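Trainee: Structure, please.
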Amino acid sequence: MTSGTPSVSFEFFPPKTEKMEQSLWQAIQRLSPLGPSFVSVTYGAGGSTRERTHNTVTRIQKETGIPAAAHFTCVGATREEIDAIARTYWDAGIRHLVALRGDPPETEGGVGGRYVPHPGGYAYAADLVAGMKKVADFEISVAAYPESHPEAPSAQFDLDNLKRKVDAGATRAITQFFFDNDAYFRFLDRCAAAGITVPIVPGILPITNFARAVEFAGKCGAAMPKRFAETFEGLDADPETRQLVAATMAAEQCQALQAQGIKDFHFYTLNRSELTVAICRMLGVKAKQPAVS
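Mentor: I've put the predicted structure just below:
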């Protein structure tokens with residue numbers, strides 16, 4: 001990697017249908033030549049796609065050689081069950097986990113519903129991190145919230161929770177997506193003051209669909225700048241212009257972060273590649289090998 005070129009990583013979600021699987025692998029084939037430091041694969045509330053996540057993670061690592069990370073949550077399983085799943089990942093050569101508290105399944109309140117720890121399970125993400133470090137010497141990423149987790153009673157409580165996760169053994173924090181860089185830098189200052197020294201990688205969401213982005217932002221408490229609404233207004237029926245605008249705005253956000261010394265970026269791809277490829281190109285991240293056709 002040349003000096004000044006940022007390190008990038010990508011998040012995918014496991015496919016539910018054959019068509020979605022084709023779309024996912026097309027995205028992976030376009031993005032893998034960019035040489036990401038790792039890619040991560042999510043799963044649904046309550047671990048509802050745990051098996052598909054496992055299959056996707058292991059296939060990515062086997063077929064692309066890119067380090068793959070599996071999302072892990074506290075929801076829907078005992079400690080023994082979660083430990084056993086972690087061991088299957090380790091045995092499959094997966095060395096990186098993204099440890100999250102997780103959301104309850106729809107039958108128990110759905111996304112945004114009240115979280116209740118599973119009896120006999122890991123109660124919160126910090127407990128999960130500590131447990132996974134006992135299973136094996138995993139690299140562990142955790143979530144961070146520049147604008148605070150929507151369920152946190154206060155910003156200080158949320159920061160203290162991040163500190164607990166780091167103290168338990170987390171090696172990196174990846175932020176919820178944000179559109180206000182000032183909020184991210186204020187958060188970095190607060191983390192430094194709290195003695196949190198692990199990398200806090202900004203999570204970037206390229207806006208493929210503005211209405212959907214607004215919905216996501218509302219659920220996670222991310223502020224949506226007024227100028228975004230004004231810029232995307234009237235572009236619903238003009239996908240080509242919308243793509244250009246979305247790539248430009250996300251690249252400008254990343255370039256502004258880069259200008260302040262940020263060197264790592266994690267992209268929420270939504271299993272699409274075109275915007276992320278364009279943004280990476282504008283950041284100076286180019287394919288290290290030809291894309292697979």
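Trainee: Show me where this structure dips below the pLDDT cut-off.
Mentor: 1-3, 44-48, 105-113, 289-293 (pLDDT under 70).
Trainee: mind running it again at 80?
Mentor: Counting by pLDDT under 80, the low-confidence segments of the chain come to 1-4, 43-50, 103-115, 288-293.
Trainee: how about the nearest residue to residue 67, chain neighbours excluded?
Mentor: residue 38 (4.3 Å; C-beta to C-beta, 6 or more residues apart in numbering). Yep, even glycine has a C-beta here, placed from its N, CA and C like the rest.
Trainee: how about that neighbour, what does it touch?
Mentor: Counting by C-beta atoms under 8 Å, 6 or more residues apart in numbering, residue 38 touches 9, 66, 67, 68, 69, 96.
Trainee: Who is the first one paired with across the strands?
Mentor: Right, the one you point to is residue 9. residue 266 (DSSP bridges).
Trainee: Specify the helix with the largest residue count in the chain.
Mentor: Criterion DSSP state H: the longest helix present in the chain is helix 239-259.
Trainee: picking up where we left off before, and the residue nearest to residue 67, what are its phi and psi?
Mentor: As for residue 38, its main-chain torsions (degrees, to the nearest 10) stand at phi -170, psi 170.
Trainee: Give me the neighbour count for residue 240.
Mentor: Counted by other C-beta atoms under 10 Å, the residues lying close to residue 240 total 8.
Trainee: What of residue 83?
Mentor: Applying other C-beta under 10 Å, we find 16 residues neighbouring residue 83.
Trainee: ok, it - contacts?
Mentor: Residue 83 sits next to 131, 135 when contact means C-beta under 8 Å, 6+ apart.
Trainee: helix or strand for residue 288, which one?
Mentor: Counting by DSSP states H and E, residue 288 is held by no secondary-structure element, helix or strand.
Trainee: Can you tell me how far it is from residue 153?
Mentor: Using C-beta to C-beta, to the nearest Å, residue 288 is found at 46 Å from residue 153.
Trainee: on that earlier part again, any chance you could list what contacts the longest helix of the chain?
Mentor: For helix 239-259, contacts defined as C-beta under 8 Å, 6+ apart pick out 6, 179, 181, 184, 202, 204-208, 210, 228, 231-232, 235-236, 265, 274-275, 278-279, 282-283.
Trainee: Residue 99 in helix, strand or coil?
Mentor: When classified by DSSP: H, G, I helix; E, B strand; the rest coil, residue 99 comes out as strand.
Trainee: can you pull the contacts of it?
Mentor: Residues counted as contacts of residue 99 (C-beta under 8 Å, 6+ apart) are 72, 73, 125, 128, 129, 132, 140, 141, 142, 165, 170.
Trainee: residues near residue 139, how many?
Mentor: Residue 139: 16 surrounding residues under other C-beta under 10 Å.
Trainee: That one contacts residue 169, doesn't it?
Mentor: No: applying C-beta atoms under 8 Å, one finds residue 139 not in contact with residue 169, separated by 9.8 Å.
Trainee: Filter the contacts of helix 239-259 down to the ones in strands?
Mentor: Within these, residues falling in strands by DSSP state E are 204, 265.
Trainee: Using neighbour counts, trim the contacts of helix 239-259 to the buried set.
Mentor: Neighbour-count burial (16 or more other C-beta atoms under 10 Å) is assigned, among these, to 6, 179, 181, 184, 202, 204-208, 210, 228, 231-232, 235, 265, 275, 278-279, 283.
Trainee: give me phi/psi at residue 233?
Mentor: phi -60, psi 130.
Trainee: what number of residues lie near it?
Mentor: 9.
Trainee: So it versus residue 214, what's the distance?
Mentor: Taking C-beta to C-beta, one finds residue 233 at 12 Å from residue 214.
Trainee: Residue 148 is in contact with residue 161, isn't it?
Mentor: No: at 10.0 Å, residue 148 does not count as touching residue 161 under the criterion of C-beta under 8 Å.
Trainee: any shared contact partners between those two?
Mentor: With C-beta under 8 Å, 6+ apart, residue 148 and residue 161 have no common neighbours.
Trainee: out of the contacts of residue 99, who's nearest residue 34?
Mentor: Nearest to residue 34 among the contacts of residue 99 is residue 141, at 19.1 Å by C-beta to C-beta.
Trainee: Pretty sure that closest one sits in a strand.
Mentor: Yes: in this structure, residue 141 lies within a strand as judged by three-state DSSP.
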